[in-house]
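*Asks:* Prediction below, plus the sequence it came from.
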Amino acid sequence: MASEDEKQTSSNSGASSIAQNDERDQEKSDGITLPSHVAGSGSLDRLVDTARDYARQATSENTNKAYAKDWAHFSSWCRRRGANALPPSPELIGLYIANCAAPDTEAPALSVSTIERRLSGLAWHYQRRGFILDRKNRHIATVLAGIKRKHARPPVQKEAILRDDILAMVAALPYDLRGLRDRAILLIGYAGGLRRSEIVSLDVSKDDTPDSGGWIKIMDEGALLTLNAKTGWREVEIGRGSSDQTCPVHTLEQWLHFAKIDFGPVFVRTSRDGTKALEARLSDKHVARLIKHTVLDAGIRSELPEKDRLALFSGHSLRAGLASSAEVDERYVQKHLGHASAEMTRKYQRRRDRFRVNLTKAAGL
């Protein structure tokens, strides 16, 4: 939902067009150009375009969209106050984040995590324009520290989908081709501890499509997924389950067989009647909608109102569910999820064996 600041910006005459022009100018320059002493040519100009394409792919599409919104919001905030967004001014940015935490309009206050993300977005945009934003400058750092001290709250985590939940969810799906696909999505996402973007970016084989985020290799023991994840390339092993009805690998094989998919995206759209597989790759938003839909149909957390139940679960609920349900050594879960630290893995474990190591008794008390 748009904030009051954003609504006010859209109503200002010419403000939105200025922001759009600013974004177009940035796309043209993107910080990547020919050196001033080098004459342009068709070959070199094409290489500049190629380099810009690679630069845009340095961060994910969702991150790019979020950072673009951050810059547009800051730019409009500056214009309404008669200030310039360029070059970076630590004093001005300190005032901006203070206003985000304590708005002088009817706009809702932003959370600490959103303000930190806004700062990251601004730093990213300044860097692309050839500037450096020093977030450690006292005008920014001390204001942010005060915001954290006054407004910081523990992070709100989405509910984990546990073993009984995932079984109930796949049982609630229909037994047509679309239901088979969605069952494979849930089971592969859960057993692999995958992000929703990783699920839908899978191809059948390596180099099938330009937008591939990885591929699968099905073997007797299970499926080996090679993923181009947030932290780089990694492999995920998904072993076969104890029952065909709940085995993610068997379900995936069934989907590929009946959908007649042997090339390109693994998870594609289906026809309206759910009986025919199409060519278009699914959006990662489908995974989030699928989880919420099946949570309701399976009656999970039925003691709560529907609105609250929907708010509890998201695409990350599959990833958190595996981390919380797998009763193995933590280091194996960490490797499976591709986390750089055990601390990050523990953030995903909604239910773990707390107090297993009692340092109080170990210290003699």
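*Replies:* Okay, I see it. Residues are numbered from 1 along each chain as shown.
*Asks:* Going by C-alpha atoms from here, please, whenever you check contacts or count neighbours.
*Replies:* Noted.
*Asks:* contacting residues for D45?
*Replies:* Counting by Cα atoms under 8 Å, 6 or more residues apart in numbering, D45 makes contact with L34.
*Asks:* Just give me the longest helix of this structure.
*Replies:* When every helix of the chain is counted residue by residue (DSSP state H), the longest turns out to be helix 61-80.
*Asks:* for that helix, which positions count as buried?
*Replies:* Residues 64, 67-68, 70-78 are the ones in helix 61-80 that count as buried (16 or more other Cα atoms under 10 Å).
*Asks:* ok, R118 - how many residues close by?
*Replies:* When neighbours are counted by other Cα atoms under 10 Å, R118 registers 23.
*Asks:* Now do the contacts for S314.
*Replies:* The contact partners of S314, by Cα under 8 Å, 6+ apart, come to 158-159, 288, 291-292.
*Asks:* check which helix or strand covers the residue nearest to K217 when sequence neighbours are not counted.
*Replies:* Leaving aside its sequence neighbours, K217 sits nearest to L224 (Cα to Cα, 6 or more residues apart in numbering; 5.1 Å). Assigned by DSSP states H and E, L224 belongs to strand 222-229.
*Asks:* which other helices and strands contact the following helix or strand past that strand?
*Replies:* Scanning forward in sequence from strand 222-229 by DSSP H and E, the next helix or strand is strand 232-239. Judged by 3 or more Cα pairs under 8 Å, 6 or more residues apart in numbering; DSSP states H and E, strand 232-239 is in contact with helix 177-192, strand 222-229, helix 248-258.
*Asks:* With adjacent residues omitted, what lies nearest to I97?
*Replies:* I115 (6.6 Å).
*Asks:* ok, now how distant is that neighbour from F74?
*Replies:* 11 Å (Cα to Cα, to the nearest Å).
*Asks:* Could you pull out the helices in the stretch 1-150 of the chain for me?
*Replies:* Remark: helices assigned in the stretch 1-150 of the chain by DSSP state H, counting those that start in this stretch are 4-11, 15-29, 42-56, 61-80, 90-101, 112-128, 138-151.
*Asks:* Figure out how far the longest one is from the centre of its chain.
*Replies:* Yep, that's helix 61-80 we're talking about. Put simply, helix 61-80 sits 18 Å off its chain's centre (Cα atoms, centre = their mean, to the nearest Å).
*Asks:* what's the model's confidence in it, averaged?
*Replies:* Regarding helix 61-80, the rounded mean pLDDT is 91.
*Asks:* got the angle between that helix and helix 112-128?
*Replies:* 90 degrees (axes from the mean of the first three to the mean of the last three Cα atoms, to 10 degrees).
*Asks:* CA atoms only: put helix 61-80 into PDB for me.
*Replies:* C-alpha atoms of helix 61-80 as PDB (Å, rounded to 0.1, in the frame of the first residue of the first chain):
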ATOM      1  CA  GLU A  61      15.300  -8.300 -10.300                       C
ATOM      2  CA  ASN A  62      13.400  -8.000  -7.000                       C
ATOM      3  CA  THR A  63      16.300  -6.100  -5.500                       C
ATOM      4  CA  ASN A  64      16.500  -3.800  -8.500                       C
ATOM      5  CA  LYS A  65      12.800  -3.000  -8.200                       C
ATOM      6  CA  ALA A  66      13.100  -2.300  -4.500                       C
ATOM      7  CA  TYR A  67      16.100  -0.100  -4.900                       C
ATOM      8  CA  ALA A  68      14.400   1.800  -7.700                       C
ATOM      9  CA  LYS A  69      11.400   2.500  -5.400                       C
ATOM     10  CA  ASP A  70      13.800   3.600  -2.700                       C
ATOM     11  CA  TRP A  71      15.500   6.100  -5.000                       C
ATOM     12  CA  ALA A  72      12.200   7.400  -6.400                       C
ATOM     13  CA  HIS A  73      10.900   8.000  -2.900                       C
ATOM     14  CA  PHE A  74      14.000   9.800  -1.700                       C
ATOM     15  CA  SER A  75      14.100  11.900  -4.900                       C
ATOM     16  CA  SER A  76      10.500  13.000  -4.500                       C
ATOM     17  CA  TRP A  77      11.100  13.700  -0.800                       C
ATOM     18  CA  CYS A  78      14.000  16.000  -1.800                       C
ATOM     19  CA  ARG A  79      12.000  17.800  -4.500                       C
ATOM     20  CA  ARG A  80       9.200  18.600  -2.200                       C
END
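*Asks:* Number the residues from 57 up from this point.
*Replies:* All set: I'll call the first residue 57, so the last point we hit is now helix 117-136.
*Asks:* got the angle between that helix and helix 98-112?
*Replies:* For helix 117-136 against helix 98-112, the angle by the same axes, to 10 degrees is 90 degrees.
*Asks:* just to revisit the earlier point, farthest-separated two in the contacts of S370?
*Replies:* Across the contacts of S370, the longest distance by Cα to Cα is 13.1 Å; it joins E215 and A344.
*Asks:* Could you list the low-pLDDT ranges of the stretch 207-356 of the chain?
*Replies:* 286-287 (pLDDT under 70).
*Asks:* one more time with 80
*Replies:* 209-213, 285-288 (pLDDT under 80).
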